[in-house]
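>>> Here's my sequence, what's the structure:
(3 chains)
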Amino acid sequence: MDASLNVRLDKYEGPLDLLLDLIRRQQINIYDIPIATITSQYLDYMRHAEQMNVDLGGEFVLVAATLIQIKSKMLLPAEPVLPGEEPEDPRAELVHRMLEHEKFKNAAQMLQQKRLIEENVWSNPQISTFVAEDEDPGLAVSLIDLVKTFEQVLARAKNRPQFEVSGDDVTVAQQIRYLKNLLVASDEPVVLQQIFERQQGRRPLLALFLAVLELVRMQAIVLRQQDTYGEIVIRKHKMFDTVFQTDEPMLAVDEGYV
Amino acid sequence: MSDLPVALPEAEAEQQRAARKALLEAIIYVTEDPVTLEQLAKGLEWPKEEVGALIGELVAEHQAPARGVEIRAVAGGYKISTKAEHHEAVRQFVKTLKPPLKLSMAALETLSVIAYKQPITMPEIQEIRGLTAASGVVKTLLDRKLITTAGRKAVIGRPILYKTTREFLVQFGLNDVSELPSLKEFEELSRAALGEAEAALG
Amino acid sequence: MSDLPVALPEAEAEQQRAARKALLEAIIYVTEDPVTLEQLAKGLEWPKEEVGALIGELVAEHQAPARGVEIRAVAGGYKISTKAEHHEAVRQFVKTLKPPLKLSMAALETLSVIAYKQPITMPEIQEIRGLTAASGVVKTLLDRKLITTAGRKAVIGRPILYKTTREFLVQFGLNDVSELPSLKEFEELSRAALGEAEAALG
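Model prediction:
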């Protein structure tokens, strides 16, 4: 095998990519592929990948089988055809697939170029100056957001008991995370009493109390009481997102309350 | 004949002038804060007098009645904005645009629960979301006509059942609720995405 | 003399024309999403043909070399942006304006398959790409809102159909999917590249 054909182990996207690369680098006419040579080069690549412990995946094996099958068909005498009928080339199907693949590779490159142009132009819309302020901000949502959100809700539901019944070893940091998740997920203020009532045992209760104090100190939340002896509610402080931007405050808490 | 060594032929000079004016307009257009003469001259490495003269021309040209935006000197810099005389009309027009469906995170969560579990009652929604307060959000969704009531559930308290509406289908481009991607399908996608990310790292 | 009862004297008509053009420019300048002819005609209550003609003039005028911004037809609407030729100089002034959309070649290929064959199911995508694992990439494209679901195909298993979004058009500066070069052109490219050995040998 030609030394210059040393397999490139930078990943091919799939078997068709590998085949196309072999053909292009040797300037082979795709309509007349020397199937024996290409098959042995292809198998060499697979062997090489195996030695390097690269998992190529089932599709590479599938194409290898196809190549071997084509090779054996080409060795057999051509089947007799009726006059005027083209003899069938065993390679035709694979060639078609390769051309199809190449077509979309070209299309992908075209998209990349278009994207490049878009990256080089800027727009500076000023619509915010014309939109009434009282409109609720919110997120523009699509169907995918809907599924994703539902999945998150279910995941939260699955994890929830850990916070509430895990008994003695609840930490302040865990309770901070619990409060944070509650506030992120809710538009409305959270009633302090209700979350205290959900705690089971003294230790989680104490940890929650300390967590509330910590969050006030960090300026992540504010406590509000409308009337004397009225309900105390927790709201996000305007610094809420800033506080939780990094893990630092949480790490500090973890260290502070070992 | 010009006696300056660097002088360009007239046509070429005119071309350069046009190109520089265009670039100045582009920069003033994109910058968020008013950009000053000094910033422009320094950043572009052009003589300050030339930048000043070109901006003067730009300002004058934008005054034409057929132009909708103007370049204004603001806070010691330059800024492009729409002309005051159009503000009312622009405001009116913006109001006629149908805004994309925007929902808060809480509303989106509640809507997703209703979409996948309909018909469903408020206590059940609260149970799944793990939150006590959800009634305000349900009201928002009712107001937006994304959900509607679907009778009452035959349990103690006979709570109201909620389901999604036709408007919901329209907003999310569905023909039918059965077209909602199943959670299983979505999980497979997510898992595949994770797997491929790991493969890429490994 | 005009015989139309509502015809304006010429000078006045010219004035109105200028004022309308200015307002259109102001609106296109302000709006974030590309604004369509229909939205403009409806919102302003002007004849659609007139809006179209005025925008045509605006587009042409912005082409002038001394203008730094242009009006482009994107995603079926109009949008103002700087010209690509100024990108280097503009970038210096706006280092942080736009986060680049980074997509792997695999993602771009999958995206092109969806763009050309939409609506298309996952098995069909895998078939064309010759890969078993394409779902991770599809998830990425969904997350980036470049594609979305388009109902289900009426075959066994009712697989989800995917199509490109308006965001895709905006991100890639396309007015319409039909603006994409035909697949035939790419086929000829491939044939030329992969078959040229034949010509050389033959």
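
>>> okay, CA-based contacts and neighbour counts for the rest of this
Noted.

>>> separation between residue A:115 and chain C?
Note on residue A:115: its distance to chain C, by C-alpha to the nearest C-alpha, to the nearest Å, is 5 Å.

>>> correction: residue B:72
Per C-alpha to the nearest C-alpha, residue B:72 is found 15 Å from chain C.

>>> can you check residue A:110 too?
Using C-alpha to the nearest C-alpha, residue A:110 is found at 9 Å from chain C.

>>> what's the neighbour count on that residue?
Residue neighbour count, defined by other C-alpha atoms under 10 Å in any protein chain shown, stands at 17 for residue A:110.

>>> cool, and residue A:188?
19.

>>> Next to chain C, which bits of the stretch 101-250 of chain A? Give me the list.
A:101-109, A:111-112, A:114-115, A:117-127, A:143-144 (C-alpha under 8 Å from any C-alpha of the partner chain).

>>> filter those down to the ones close to chain B.
Checking those against chain B (C-alpha under 8 Å from any C-alpha), the matches are A:122-124, A:127, A:143.

>>> just the buried members of the residues of the stretch 101-250 of chain A next to chain C?
Among these, those scoring as buried are A:101-108, A:111-112, A:115, A:117-127, A:143-144 (criterion: 16 or more other C-alpha atoms under 10 Å in any protein chain shown).

>>> Mind listing what's buried along the strand or helix carrying residue A:23?
According to DSSP states H and E, residue A:23 maps onto helix A:15-25. For helix A:15-25, a neighbour-count test (16+ other C-alpha under 10 Å) marks A:15-20, A:22-24 as buried.

>>> Can you give the contact residues for the next helix or strand after it?
Remark: after helix A:15-25, the chain's next helix or strand is helix A:35-51, criterion DSSP H and E. Contact with helix A:35-51 is made by A:1, A:7, A:9, A:18-19, A:22-23, A:55-56, A:60, A:64, A:67-68, A:70-71, as judged by C-alpha atoms under 8 Å, 6 or more residues apart in numbering or on different chains.

>>> Filter those down to the buried ones and hand me the ChimeraX line.
Those of the contacts of helix A:35-51 that count as buried under 16+ other C-alpha under 10 Å are selected in ChimeraX with:
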select /A:7,18,19,22,23,56,60,64,67,68,70,71
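
>>> Nearest to residue C:167, out of the buried residues of helix A:15-25: which one, please.
Nearest to residue C:167 among the buried residues of helix A:15-25, counting by C-alpha to C-alpha, is residue A:17 at 29.3 Å.

>>> Now do the same for that closest one: its pLDDT.
Reading off the confidence values, residue A:17 has pLDDT 85.

>>> Show me the residue at the heart of chain B, geometrically.
Taking C-alpha atoms, centre = their mean, the centroid of chain B lies closest to residue B:100, which sits 9.6 Å from it.

>>> Need the nearest residue in space to it, chain neighbours excluded.
Leaving out its chain neighbours, the residue that sits closest to residue B:100 by C-alpha to C-alpha, 6 or more residues apart in numbering or on different chains is residue A:140, at 6.1 Å.

>>> low-confidence ranges in the stretch 51-200 of chain A?
Residue ranges of the stretch 51-200 of chain A with pLDDT under 70: A:127-139, A:160-169, A:186-187, A:200.

>>> who in chain B is up against chain A?
Counting by C-alpha under 8 Å from any C-alpha, chain B comes close to chain A at B:29-30, B:90-91, B:94-95, B:100-106, B:108-109, B:111-113, B:116, B:128-131, B:133, B:136-137, B:172-173, B:180-181, B:183, B:186.

>>> Which residues are in contact with residue B:54?
For residue B:54, the contacting residues are B:17, B:20-21, by C-alpha under 8 Å, 6+ apart.

>>> okay, now residue 140: neighbour count?
By default, I'm working from chain A. Counted by other C-alpha under 10 Å, the residues lying close to residue A:140 total 12.

>>> Sorry, I should have been clearer: chain B.
Neighbour count of residue B:140, defined by other C-alpha under 10 Å: 14.

>>> can you confirm it is in a strand?
No - using DSSP: H, G, I helix; E, B strand; the rest coil, the secondary structure at residue B:140 is helix, not a strand.

>>> Please, where are all the helices along chain B?
In chain B, the segments counted as helices under DSSP state H are B:10-30, B:37-44, B:48-62, B:87-96, B:105-117, B:122-129, B:135-143, B:166-171, B:183-201.

>>> My read is that the residue nearest to residue B:100 contacts residue B:103, right?
Yes - counting by C-alpha atoms under 8 Å, residue B:103 is a contact partner of residue A:140 at 6.5 Å.

>>> What pLDDT does the model give residue 4?
Going with chain A. On the pLDDT scale, residue A:4 is placed at 41.

>>> that's the other chain; I wanted chain B
pLDDT for residue B:4: 54.

>>> Repeat that for the one 10 residues further on.
Listed pLDDT for residue B:14 reads 86.

>>> Can you measure across stretch B:32-45, start residue to end residue?
21 Å (C-alpha to C-alpha, to the nearest Å).

>>> now do stretch B:155-165
End-to-end distance of stretch B:155-165 (C-alpha to C-alpha): 24 Å.

>>> Give me the residues contacting it.
Residues outside stretch B:155-165 that contact it (C-alpha under 8 Å, 6+ apart): B:114-115, B:118-122, B:145-153.

>>> How far off centre is it?
Its chain's C-alpha centre and that of stretch B:155-165 lie 36 Å apart, by C-alpha atoms, centre = their mean, to the nearest Å.

>>> Enumerate the beta-bridge partners assigned to residue A:234.
According to DSSP bridges, the partner residues bridging residue A:234 are residue A:190, residue A:223.

>>> circling back to that earlier point, can you list which of the ones next to chain B among the residues of the stretch 101-250 of chain A next to chain C are found in helices?
Counted as lying in helices by DSSP H, out of those, are residue A:143.

>>> With respect to residue A:88, which of the ones next to chain B among the residues of the stretch 101-250 of chain A next to chain C is nearest?
Closest approach to residue A:88 among those (C-alpha to C-alpha): residue A:143, at 47.6 Å.
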